[in-house]
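Peer 1: Sharing a sequence plus its predicted fold:
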Amino acid sequence: MKKILLTIIVATFVSSLCFAAEQTVLPIVAKAAPKAIETRVFTGKIESVSLPDIAKGTKSEITAENEKNQKLTFLVKSTTTIYDAYSNTMLLDSVKKDSNVKVAYITTKEGVNEATSIRIQK
């Protein structure tokens, strides 16, 4: 009687392992990696420079136009580095209209062009 009971227990255990092996395993769905922010470069001539005005709610911006008459406006943040033609740092209020510039920038998810660096060209 003990052998029969032991045989039934072993058979039940072995059969449960077989059924467990047949369970469907769902694939792991990988999340897409966040899209890397691409830095672009725009070369052109300064059309306008806007300094911030808290009373009016305006921010620092520059607008430049390239040889193909494409105009872009760039937000100038406190982290934006500005260099003169001799690679010396300078302030935005020293940037003059009609200066040739090379602007490195990123475009945010909202579509805003943020200047990361501005370099006055000779």
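Peer 2: Arrived safely, thanks for sending.
Peer 1: Which parts of this structure are strands?
Peer 2: 40-50, 61-65, 71-83, 100-107, 113-120 (DSSP state E).
Peer 1: Just the residues contacting the fourth one, thanks.
Peer 2: What that stands for is strand 100-107. 37-46, 62, 64, 72, 74, 95, 113-122 (C-beta atoms under 8 Å, 6 or more residues apart in numbering). Where C-beta positions appear, they are placed from N, C-alpha and C, glycine not excepted.
Peer 1: again, only using 6 Å
Peer 2: The contact list for strand 100-107 (C-beta atoms under 6 Å, 6 or more residues apart in numbering) reads 37, 39-43, 45-46, 64, 74, 113-121.
Peer 1: Which of those residues are buried? Put it as a PyMOL command.
Peer 2: For the buried members of these, the matching PyMOL selection, counting by 16 or more other C-beta atoms under 10 Å, is:
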select buried, resi 42+46+64+74+113+115+116+118+119+120
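Peer 1: wait, residue 90 sits on residue 84?
Peer 2: Yes - contact criterion C-beta atoms under 6 Å: residue 90 and residue 84 qualify, at 5.0 Å.
Peer 1: hang on, the earlier thing: I'd like to know which of the strands of the chain is closest to residue 31.
Peer 2: Residue 31 lies closest to strand 100-107 among these, at 22.7 Å (C-beta to C-beta).
Peer 1: Name every strand pairing with that closest one and say which way it goes.
Peer 2: Sheet pairing for strand 100-107, assigned by DSSP bridges, gives strand 40-50 (antiparallel), strand 113-120 (antiparallel).
Peer 1: how close does the residue nearest the centre of the chain sit to residue 114?
Peer 2: For the chain, residue 37 is the residue whose C-alpha lies nearest the centre (C-alpha atoms, centre = their mean; 2.9 Å). Distance, residue 37 to residue 114, by C-beta to C-beta, to the nearest Å: 10 Å.
Peer 1: Good, we can wrap up now.
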